[in-house]
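> no sequence on hand, only this structure:
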């Protein structure tokens, strides 16, 4: 088993350096790559220089300014290598100490094709809290309202409620794959048109594939793997600034009512650390 760690970055050089440090505390630089997916040419140069500083390989990929494009580039890079497994990390987040060791143990003992994290942690300014607490945090609600045209609030709320109803796993809005093998990666194809929620949509589609017996997709409940930095509004609020009706139409394209009923009919297997 050989594991590649891929860091995806588009902005915030200070957070990228913090992320790199969290990864290099537990991984050999030879098995880490930085994928730079940004429309900002100056940032591309800064991120490449930072990668060189830490002895890491970096690649610049074509960006359309939306997160799905970058994530597809990250997966594509992994599939072009000889590695058997892959750990994706967003460049503004933190891989917690011993995360690689824990994920390696799960890959060895349970051997899932795809591992999705629930019950993770988020960082808001200097405060750490569980993801489930953040989902109901007043700051999250305020950001949604502040970034949304008042005439679009009702439509946005309807879309979000539907997302939670369909994609929630054990009270969590599942939105991060923390480990995958080549089989799972070959099935991944993020929607490059939506402004946010591309990971939630992809999780639902892969859950349907798992239901068909074509994928071993399981969950990991842990607060020791990953720390999301939500201090800045980030890409998840991009959908608030567009027409939520059009965004929702793009998001649900390809997902039928029958598939929605299937998604709601079962839960994925969950491992606990």
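Received the coordinates, thanks. Because the structure is a prediction, the values reported are computed rather than measured. Residues are numbered from 1 along each chain as shown.
> which stretches in the stretch 51-200 of the chain count as helices?
67-79, 99-109, 131-134, 138-146, 153-167, 182-187, 198-211 (DSSP state H, counting those that start in this stretch).
> out of those helices, which comes closest to residue 232?
Closest to residue 232 of the helices of the stretch 51-200 of the chain, according to Cβ to Cβ: helix 138-146, at 10.0 Å. Heads up, the C-betas are built off the backbone N, CA and C, glycines and all.
> for residue 90, find the nearest of the helices of the stretch 51-200 of the chain.
Here helix 67-79 is closest among the helices of the stretch 51-200 of the chain (Cβ to Cβ), at 9.0 Å.
> pull out the buried positions in that closest one.
67, 68, 69, 70, 71, 72, 73, 74, 75, 77, 78 (16 or more other Cβ atoms under 10 Å).
> now render the helices of the stretch 51-200 of the chain as JSON lines, adding mean pLDDT and distance to residue 54.
Below are the helices of the stretch 51-200 of the chain laid out as JSON lines (pLDDT from 0 to 100; distance: least, Cβ to Cβ, whole Å):
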{"stretch": "helix 67-79", "mean pLDDT": "97", "distance to residue 54": "18"}
{"stretch": "helix 99-109", "mean pLDDT": "97", "distance to residue 54": "16"}
{"stretch": "helix 131-134", "mean pLDDT": "91", "distance to residue 54": "29"}
{"stretch": "helix 138-146", "mean pLDDT": "89", "distance to residue 54": "32"}
{"stretch": "helix 153-167", "mean pLDDT": "89", "distance to residue 54": "35"}
{"stretch": "helix 182-187", "mean pLDDT": "98", "distance to residue 54": "25"}
{"stretch": "helix 198-211", "mean pLDDT": "95", "distance to residue 54": "26"}
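> tally of neighbours for residue 45?
12 (other Cβ atoms under 10 Å).
> what about it, which helix or strand?
helix 41-53 (DSSP states H and E).
> ok, which of the helices of the stretch 51-200 of the chain comes nearest residue 38?
helix 67-79 (8.3 Å).
> distance between the closest one and the chain's centre?
11 Å (Cα atoms, centre = their mean, to the nearest Å).
> let me know the angle separating that helix from helix 198-211.
If you take axes from the mean of the first three to the mean of the last three Cα atoms, to 10 degrees, helix 67-79 sits at 50 degrees to helix 198-211.
> still on that earlier bit, buried set for the helix holding residue 45?
Within helix 41-53, the residues scored as buried using 16+ other Cβ under 10 Å are 43, 44, 46, 47, 48, 50, 51.
> leaving out chain neighbours, which residue sits closest to the fifth one?
So the one you mean is residue 48. Leaving out its chain neighbours, the residue that sits closest to residue 48 by Cβ to Cβ, 6 or more residues apart in numbering is residue 58, at 4.9 Å.
> that neighbour: what's it in contact with?
Each residue near residue 58 by Cβ atoms under 8 Å, 6 or more residues apart in numbering is listed here: 33, 34, 35, 36, 47, 48, 51, 52.
> which one in this protein is furthest away from the centre?
Computed with Cα atoms, centre = their mean, the residue of the chain farthest from its C-alpha average is residue 151, at 29.4 Å.
> closest to residue 249 out of the helices of the stretch 51-200 of the chain?
Among the helices of the stretch 51-200 of the chain, helix 153-167 comes nearest to residue 249, with 9.8 Å by Cβ to Cβ.
> which strands and helices sit next to the closest one?
Packed against helix 153-167 by the contact rule (3 or more Cβ pairs under 8 Å, 6 or more residues apart in numbering; DSSP states H and E) you find helix 138-146, strand 172-173, helix 198-211, helix 244-252, helix 257-264.
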